[in-house]
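Engineer: Need coordinates for the following:
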Amino acid sequence: VDLIRLSQTLQLAALTRHAQLYWIVVEDRDGCSQRVRDVLDASGLFYAHHAIPTPKVGAPHKGVEQRNLALRIVQEQVGAGGIVYFCDDDNAYDVDLFTELPYTERVSVFGVGFAGKRVYERCSVDPATGLVQGFVSEIPQRSFAIDMAGFCFSTYVLVKNQPRFSHKMKQYHLEPLFLEQLANNANDLEPLAANCTRMLAWHVRTQVKSKQAVTGEDEATYNLLKEYV
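Structural biologist: The predicted structure is shown next:
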């Protein structure tokens, strides 16, 4: 259901906002699944579908191998002239976001709703200069206190700097340490979405209730849904 929701958001963005999209989907498993391929085929979007598993040992973070593979695909197939944005399937997006992303020259930032334990996280922007002057975040002391859904960057910067994620990055520092490979400091960031005051991306979560809470005739439904979650 999360992947279908994201697929339909991207379709709507392409149809109503004329967004030119290339959707890269990387599964956390040994091989690509037919269920995911069916959703991608049905979307009508240009896409790449790959799979790479997270190591079972010594991998404290999720998504490292998958995002790094996607970045390599962008470098090899897209080159300079595009925008990279990490769309998690368990997030919700306003289609207006896809009219904002093309304004990115190097690294852009915007707010994210329901991030961490806050109603939102965003950059604090000086309206007179348009420069980022701080971060409204659960952990604001980080070099770039920005959620994964709250930034994008140009393929020019990607090709030039070749940033990558690493399992050696500390907890809650995947985004800051990645962004340090793209920007020198907060002054290099380009605020979008009304100086980061419009929330165009939100964290949402679809969950199936635990097996312990399932009894009787619900069990068959639980087991079926569990395959998709």
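Engineer: From S124, how far out is P163?
Structural biologist: 24 Å (C-beta to C-beta, to the nearest Å). Placement of C-beta: from N, CA and C, glycine included.
Engineer: what's the answer for V25, then?
Structural biologist: Taking C-beta to C-beta as the measure, V25 falls 34 Å from S124.
Engineer: cool, F135 as well?
Structural biologist: Distance from F135 to S124, counting by C-beta to C-beta: 7 Å.
Engineer: So for those two, which residue has more residues nearby?
Structural biologist: F135 (23 against 16; other C-beta atoms under 10 Å).
Engineer: wait, that one sits on E121?
Structural biologist: Yes. Using C-beta atoms under 8 Å, F135 is in contact with E121, at 7.5 Å.
Engineer: what is in contact with those two at once?
Structural biologist: Listed as contacting both F135 and E121 by C-beta atoms under 8 Å, 6 or more residues apart in numbering are A145, I146.
Engineer: Run through the residues that contact the residue nearest the centre of the chain.
Structural biologist: Centroid check for the chain by C-alpha atoms, centre = their mean gives F86 as the closest residue, at 2.8 Å. F86 makes contacts with R67, M148, A149, as judged by C-beta under 8 Å, 6+ apart.
Engineer: Over to it: give its phi and psi.
Structural biologist: Main-chain dihedrals, F86, degrees, to the nearest 10: phi -90, psi 100.
Engineer: got any ranges where the chain has weak pLDDT?
Structural biologist: Scanning the chain with the threshold set as pLDDT under 70 gives 79, 209-229.
Engineer: Tell me where it has strands.
Structural biologist: 22-27, 46-51, 83-84, 91-93, 107-109, 111-113, 120-126, 131-136, 151-154, 190-191, 199-203 (DSSP state E).
Engineer: what number of residues lie near R164?
Structural biologist: Other residues close to R164 by other C-beta under 10 Å number 12.
Engineer: And P176, by the same measure?
Structural biologist: Applying other C-beta under 10 Å, we find 18 other residues in the vicinity of P176.
Engineer: Same question for the one 5 residues further on.
Structural biologist: Using other C-beta under 10 Å, Q181 has 14 other residues around it.
Engineer: Chain neighbours aside, what residue packs nearest to it?
Structural biologist: Excluding the flanking residues, the one nearest Q181 by C-beta to C-beta, 6 or more residues apart in numbering is P163, at 3.6 Å.
Engineer: so what's the residue nearest to S7 when sequence neighbours are not counted up against?
Structural biologist: Excluding its sequence neighbours, the residue lying closest to S7 (C-beta to C-beta, 6+ apart) is S43, at 4.5 Å. Counting by C-beta under 8 Å, 6+ apart, S43 touches S7, Q8, L10, Q11, W23.
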